[in-house]
Every structure is written in structure tokens, then in C-alpha cells.
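Undergrad: Here is a sequence together with a model predicted from it:
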Amino acid sequence: MSLFADLLFEARVVAQSLADLAMGPHVRLGVTGLSRSGKTVFITALIEHLTRAASPALRGRKNLLPVLRVHAEGRLTGGRLEPQPDDAVPRFAYEDYLAALHGPDGAIEARHWPASTRQISELRIRLDFQRKNGQSQSLAIDIVDYPGEWLLDLPLLAKSYAQWSRETLESSAMAIRAPLAVNWRGFTVGVDPKMSAAEETARRAAELFTDYLRACRADDYAFSVLPPGRFLMPGDLAGSPALTFAPLAVEEGVSYASDSLAAMMERRYEAYKAHVVKPFFRDHFARLDRQIVLVDTLAALNAGPAAVRDLETAMTDVLMAFRAGRASLLSALFRPKIDRILFAATKADHLHHTSHDRLEAILRHLTARAINRAEEVGAKIDVIALAAVRATREAKVGGRGEPAFEAVIGTPLDGERIGDELFDGKSEAAIFPGELPSDPKAVFRGDVLAPRPDEIDYRFVRFRPPIATLSEDGTPLPLPHIRLDRALEFLLGDRLT
Ligand SMILES: Nc1nc2c(ncn2[C@@H]2O[C@H](COP(=O)(O)OP(=O)(O)O)[C@@H](O)[C@H]2O)c(=O)[nH]1
Ligand SMILES: [Mg+2]
């Protein structure tokens with residue numbers, strides 16, 4: 001990138017920040033995580049709690065968010081949705097998601113998890129509160145939901161097409177991935193990068209490459225580190241030529257004829273960086289003040305040590321994005337001003353509460369390398385285990401001569417099974433989720449959740465959303481959660497004092 005382009009870029013970022021400043025107290029909260037990590041559910045729960053906490057029916061219920069001080073101290077006086085801040089970004093469909101979780105039109109038997117989304121979206125809420133000095137104040141909170149896959153693209157900006165090709169081919173040859181890469185690698189090996197550029201070949205290569213990436217993301221493998229991010233999360237770019245490229249066995253430092261396949265692929269790779277990756281970082285990422293990174297740690301634990309190791313690498317790559325000042329190219333591109341980052345292990349309601357601290361410790365261990373780096377930038381970082389929506393409750397099961405065990409009880413989704421038992425989405429079941437190891441390092445060793453080798457595998461049971469409790473006036477309370485208030489206090493508490 002030329003110096004002029006750099007300056008222009010910086011000027012735009014500065015202009016945007018000034019526009020943001022003119023608006024009064026204001027915070028932009030980024031919510032990210034890989035697909036299915038729980039972003040939509042987290043944001044929906046956050047908005048439901050914050051916009052309703054000060055309502056007459058809930059104001060006295062300090063136990064709903066005990067750790068969020070502005071609420072616990074009785075200083076939160078109002079909360080509401082406001083119009084969408086950026087006209088070019090889709091609105092977060094809060095009302096639809098909330099209706100899904102509670103049951104559309106109040107039909108609780110129809111409650112379900114919101115359909116998955118693959119796009120960036122935003123929503124603004126405004127909180128009114130009393131400052132500790134008694135003054136009335138309001139805070140606008142812009143919540144930005146974006147796929148974590150897109151963050152993994154940042155390292156591409158510093159890589160040539162040849163380097164990216166080599167690294168991607170190398171990692172696809174690793175024992176654990178090679179079987180998934182057979183078709184794509186078979187095709188690529190047979191392609192001479194010097195051959196003249198043919199759209200058909202480019203498309204076939206891109207298709208097979210995308211199939212490989214997708215196979216890596218499938219549940220059983222749950223691999224995380226797979227740029228380019230838009231191949232799996234295309235957003236509005238699905239089918240676009242910007243995504244019609246793939247690695248080839250090109251040699252670094254060799255220049256290929258401009259009408260060769262290698263040259264065409266390289267042009268598209270560079271276009272992807274210029275027209276997809278950079279605008280995202282400039283227009284969205286560089287404007288964030290706070291960030292929560294949601295991590296489906298349990299899914300990685302279920303998938304085994306290779307997936308856990310992969311997740312650790314992905315977290316380190318994600319954190320790269322928050323780090324400025326080291327690699328000059330990246331720091332010239334944007335200067336992140338994020339000063340608080342929270343890593344959250346989601347869906348903690350799948351575990352008994354005795355394992356929540358262990359889940360937190362495991363995620364802390366997995367992000368330790370990444371965190372050391374981000375702290376160099378001066379961001380405050382914390383790690384938490386939470387459930388934005390708690391779908392289970394706890395009970396002791398057994399006794400009467402049998403040893404009692406700590407179970408979680410919930411309504412397994414229609415079609416889930418445990419051993420021979422098939423669920424219809426209506427009846428509850430008690431499940432023994434297994435205990436997490438007290439030593440976080442154990443997650444790199446083997447199967448950590450299976451309680452005993454001879455036991456039925458309970459681990460993959462998914463539950464329906466819970467039924468909301470009713471308040472005195474008959475309206476449903478916000479859905480129960482685990483430690484959502486702690487997350488909010490870390491992310492926003494200092495702006496609400
Ligand atoms: N039990 C439970 N399941 C959750 C929770 N959050 C998310 N999930 C599950 O994870 C799925 C993906 O969540 P979603 O928010 O759509 O993920 P996104 O792709 O990151 O937006 C949901 O459909 C639920 O099945 C939670 O707090 N508790
Ligand atoms: Mg989503």
C-alpha cells in the first residue's frame with residue numbers, strides 16, 4: 001500500500017472517530033466468535049436484560065443481574081432501543097430472536113434457538129442512569145455482531161499469494177487434515193500454475209478448496225484456523241469473483257506470465273485483501289472500544305486435543321488483530337483503540353456449576369499465549385465462563401443405595417438421543433455432563449469429558465431454550481443466565497459509574 005493510501009486511510013478513521021465523539025457518551029461493543037459460538041443468543045440476552053432491568057416490574061429484582069453494579073446499586077433508570085447507527089449495516093434482528101427464544105406469540109411450546117446468521121449486524125441501545133455523584137446521564141451502546149472468521153483474515157494482509165499458498169498447502173498435509181484435503185489437493189497437484197488462466201479451473205479449485213475448509217469446520221473436527229474467512233462466512237459476497245481463488249503450488253519470488261493461472265489467482269487474492277479484508281478492518285473493527293470474543297470451548301473439548309490445539313492457535317491469531325505497533329504494515333493500516341477484551345466460554349449451562357470455574361480455567365489456559373501479547377497493547381483482558389441463556393437447572397439424581405450424582409436437567413431438542421432414547425423436544429431429562437479436569441493442561445491429552453469409558457456418551461445433547469418465569473404482573477422475566485452480569489460489568493461497568 002502506498003504512503004498516500006495509508007494517510008488517506010488514517011484520515012478516514014480519524015474523521016469517523018470525530019463523528020462518533022460528537023454524539024455524547026458512547027461505547028461501541030464488538031461481539032465476535034466463530035460460527036455457532038453463541039453471538040446471536042448472547043446479544044439477544046444482553047439487550048433483553050439491559051432494556052428491561054429498569055422497568056417497573058423488574059427494578060426491584062436485583063437478583064437478576066447482581067454483579068452489574070449500576071443495577072444492583074439502583075442507579076439504572078431506563079433502557080431502550082434506538083435507531084440503527086450505520087445505515088449501510090443490517091440491523092440486528094433483536095425482536096425476531098427474542099420471540100424465537102421465548103416462543104413466538106407467547107407459545108412457549110414453540111420456543112427455539114434463533115436461526116444462524118452469517119453477516120455483520122448492529123443495534124444501538126441507550127441506558128439512562130444516575131452517576132455515583134447523583135448526576136443523570138445516558139450512555140449509547142452500539143453492539144456490533146461480526147463473524148470471528150473475518151478476524152482470521154488479518155494475517156493475510158502481510159502475506160503474499162505465494163506465501164499463503166505454501167502455508168495453506170503445508171497445513172492441509174498435516175496427518176489430521178490430510179484426509180479432508182484429498183480431493184482438493186489431488187486436483188491442485190495436477191494443475192500447472194503456468195497454464196493459461198481458465199475461469200473453469202479457477203472455479204473448480206475454489207470449490208474444492210471451500211469444501212475442504214467446510215469439512216474442517218464440521219462438528220467432529222471443529223478446526224478453527226481457516227482463512228480466508230469469507231470462504232466459510234461469505235456475508236454478502238457469496239458467489240462473487242472475489243472469492244473465486246485458491247492456493248496453487250507456486251514458487252515464491254518467481255513472477256508468472258500475466259495471462260497464467262497463477263497470475264490470475266494472485267490478482268484475485270490481492271483483490272480479496274484490498275476490497276474485502278481492509279474495508280472490514282477500517283470501517284468496523286478500528287472503531288470498536290470494547291470486545292467480547294465468544295468461544296464454544298466445550299465443542300472443542302468434545303472434538304479432542306487436535307481441535308483444542310487448533311482453537312488455541314485461532315485465539316492467538318484473533319488476538320493478533322488487537323495488537324498494534326509490532327508489524328509496521330498492520331499498525332499503519334489501523335490503530336485499534338479497544339481497551340477491554342473479554343474471552344467467554346459459552347454454553348456453560350451444559351455443565352454442573354462445580355465445573356464452571358474449571359471451564360474458565362481451561363479457556364484462560366488456551367488464551368494465555370494470546371493474552372500476553374494483547375496486554376502489550378495496554379488492553380485489559382479477562383476470561384469468563386457463561387451461559388447467555390441458561391437452558392438447564394441442577395439436581396442430584398440417584399440415591400437409595402445407588403451413588404447420587406450431580407446432574408443438569410433440561411429439555412433435549414426434538415431428535416436428540418441418549419443411547420436408545422429418542423427425544424421429542426417436550427420431555428425433560430436429567431443428564432450427567434461429566435466433570436472437567438481440574439488441571440487445564442489435561443485438555444491437550446485426551447478425552448476429558450467422558451465420565452467413564454463404559455458410560456453412554458451424553459455430551460452432545462442439546463437443550464431447548466428454557467421457559468421464562470413470570471413476574472407478578474404476568475409478563476415473562478428475562479431468560480435466566482449464568483454470569484452474564486459479570487460479563488456486562490467487565491465490559492461496561494466503568495462507563496456506568
Ligand atoms: N444451552 C445453551 N445453548 C446455547 C447458548 N448460546 C448458544 N447456544 C446454542 O448454540 C447455537 C448457536 O448460537 P448462536 O447465538 O446462533 O451462534 P452464532 O453463530 O455465534 O450467532 C444456538 O442455536 C444454541 O443451540 C446458551 O447460552 N446456552
Ligand atoms: Mg449469529
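TA: Ah, there it is. Ligands and ions are numbered 1, 2, ... in the order given.

Undergrad: and Phe209, how many residues sit next to it?
TA: 23 (other CB atoms under 10 Å). Every residue, glycine included, has its C-beta placed from N, CA and C.

Undergrad: and Asp236, that one's in a strand?
TA: No: secondary structure of Asp236 (DSSP: H, G, I helix; E, B strand; the rest coil): helix, not part of a strand.

Undergrad: State the pLDDT value of it.
TA: Per-residue confidence (pLDDT) for Asp236: 80.

Undergrad: how about the nearest residue to it, chain neighbours excluded?
TA: Take Asp236 and drop its neighbours on the chain: the residue closest to it by CB to CB, 6 or more residues apart in numbering is Gln119, 7.0 Å away.

Undergrad: Give the next helix or strand downstream of the lowest-mean-pLDDT helix or strand in the chain.
TA: Comparing helices and strands within the chain by mean pLDDT, DSSP states H and E singles out helix 328-333 as the least confident, with a mean of 50. Along the chain past helix 328-333, the next helix or strand (assigned with DSSP states H and E) turns out to be strand 340-345.

Undergrad: I'd like to know which elements the helix or strand following that following strand is packed against.
TA: The element immediately downstream of strand 340-345 (helix or strand, assigned by DSSP H and E) is helix 356-375. Applying 3 or more CB pairs under 8 Å, 6 or more residues apart in numbering; DSSP states H and E, one finds that helix 356-375 makes contact with helix 297-303, helix 305-320, strand 340-345, strand 380-385.

Undergrad: Would you single out the least confident of these?
TA: Within those, the least confident segment by mean pLDDT turns out to be helix 305-320, at a mean of 81.

Undergrad: pLDDT score assigned to Arg61?
TA: The model reports Arg61 with a pLDDT of 88.

Undergrad: Apologies, that question was intended for Val13.
TA: Each residue has a pLDDT score; the one for Val13 is 58.

Undergrad: List the contacts of Val408.
TA: By CB atoms under 8 Å, 6 or more residues apart in numbering, the contact list for Val408 reads 349-352, 392-395, 430-431, 433.

Undergrad: Swap in 10 Å and give it another go.
TA: When contacts are counted by CB atoms under 10 Å, 6 or more residues apart in numbering, Val408 is found next to 349-353, 390-395, 397, 429-433, 458, 461, 463.

Undergrad: Which strand or helix spans it?
TA: Under the criterion DSSP H and E, the helix or strand holding Val408 is strand 402-410.

Undergrad: quick one: secondary structure of the residue nearest to Asp142 when sequence neighbours are not counted?
TA: Closest residue to Asp142 apart from its sequence neighbours, by CB to CB, 6+ apart: Arg28 at 4.6 Å. Three states are possible here, and by three-state DSSP the one that applies to Arg28 is strand.

Undergrad: can you check the one 3 residues further on too?
TA: Three states are possible here, and by three-state DSSP the one that applies to Val31 is strand.

Undergrad: from what I can see it touches Ala45, true?
TA: No: taking contacts as CB atoms under 10 Å, Val31 lies outside contact range of Ala45: 11.2 Å.

Undergrad: Quickly list what's touching both of those two.
TA: Shared contacts of Val31 and Ala45, defined by CB under 10 Å, 6+ apart, comprise Gly38.

Undergrad: still on that earlier bit, what sits against the residue nearest to Asp142?
TA: 20, 85, 122, 124, 140-144, 284, 287-291, 337-338.

Undergrad: quick one: it from ligand 1, how far?
TA: 19 Å (CB to the nearest ligand atom, to the nearest Å).

Undergrad: Same check on Gly106?
TA: Counting by CB to the nearest ligand atom, the gap between Gly106 and ligand 1 amounts to 21 Å.

Undergrad: Surely that residue is in contact with Leu98?
TA: No: the pair Gly106 and Leu98 does not pass the contact test of CB under 10 Å, sitting 11.8 Å apart.

Undergrad: The two: who's more crowded?
TA: Neighbours of Gly106 and Leu98, each counted by other CB under 10 Å, are more numerous for Leu98; the result is 17 against 11.

Undergrad: Confirm the more buried one sits in a strand?
TA: No: under the criterion used here (three-state DSSP), Leu98 is helix, not part of a strand.

Undergrad: So it sits against Leu479, correct?
TA: Yes: contact criterion CB under 10 Å: Leu98 and Leu479 qualify, at 9.0 Å.

Undergrad: Quick check: neighbours shared by those two?
TA: Each of 44-45, 48 lies in contact with both Leu98 and Leu479 under the rule CB under 10 Å, 6+ apart.

Undergrad: Just give the closest residue to Ser165, not the sequence neighbours.
TA: Leaving aside its chain neighbours, Ser165 sits nearest to Pro247 (3.7 Å; criterion: CB to CB, 6+ apart).

Undergrad: For the one you found, identify the helix or strand it belongs to.
TA: For Pro247, there is no enclosing helix or strand under DSSP H and E.

Undergrad: How about the residues of the stretch 51-200 of the chain by ligand 1?
TA: Where the stretch 51-200 of the chain comes near ligand 1, counting by CB under 6 Å from any ligand atom, the residues are 113-114, 116-117.

Undergrad: Stretch 430-445 spans what distance, first to last residue?
TA: Using CA to CA, to the nearest Å, the span of stretch 430-445 from its first residue to its last is 28 Å.

Undergrad: how about it: buried residues?
TA: Taking 16 or more other CB atoms under 10 Å as the neighbour-count basis, stretch 430-445 is seen to contain the buried residues 430-437, 440, 443.

Undergrad: which among those gets closest to ligand 2?
TA: Here the nearest of those to ligand 2, counting by CB to the ion, is Pro433; it sits at 24.4 Å.

Undergrad: okay but the closest one is in contact with His352, surely?
TA: Yes: taking contact to mean CB under 10 Å, the distance of 6.2 Å between Pro433 and His352 places them in contact.

Undergrad: Show the backbone phi and psi for the residue of the chain positioned farthest from its centre.
TA: In the chain, the residue that sits farthest from the middle, by CA atoms, centre = their mean, is Gly401; the gap is 44.5 Å. The phi and psi values for Gly401, taken as degrees, to the nearest 10, are phi 90, psi -40.

Undergrad: which stretches of the chain have low pLDDT?
TA: Counting by pLDDT under 70, the chain contains low-confidence ranges at 1-23, 219-225, 323-336, 373-377, 446-460.

Undergrad: How about the residue nearest the centre of the chain: what's its closest non-neighbour residue?
TA: For the chain, the residue sitting closest to the mean C-alpha position, by CA atoms, centre = their mean, is Gly33 at 1.1 Å. Spatial nearest neighbour of Gly33, excluding adjacent residues (CB to CB, 6+ apart): Leu294 at 3.3 Å.

Undergrad: My reading is that that neighbour is in a helix; is that accurate?
TA: No: counting by three-state DSSP, Leu294 falls outside a helix, being strand.

Undergrad: any idea how far ligand 2 is from it?
TA: In this structure, Leu294 lies at 10 Å from ligand 2, with CB to the ion, to the nearest Å as the measure.

Undergrad: Equivalent analysis for Ala173, please.
TA: 33 Å.

Undergrad: Next up, the contacts around that residue.
TA: Shown here is Ala173, whose contacts under the criterion CB under 10 Å, 6+ apart are 181, 185.
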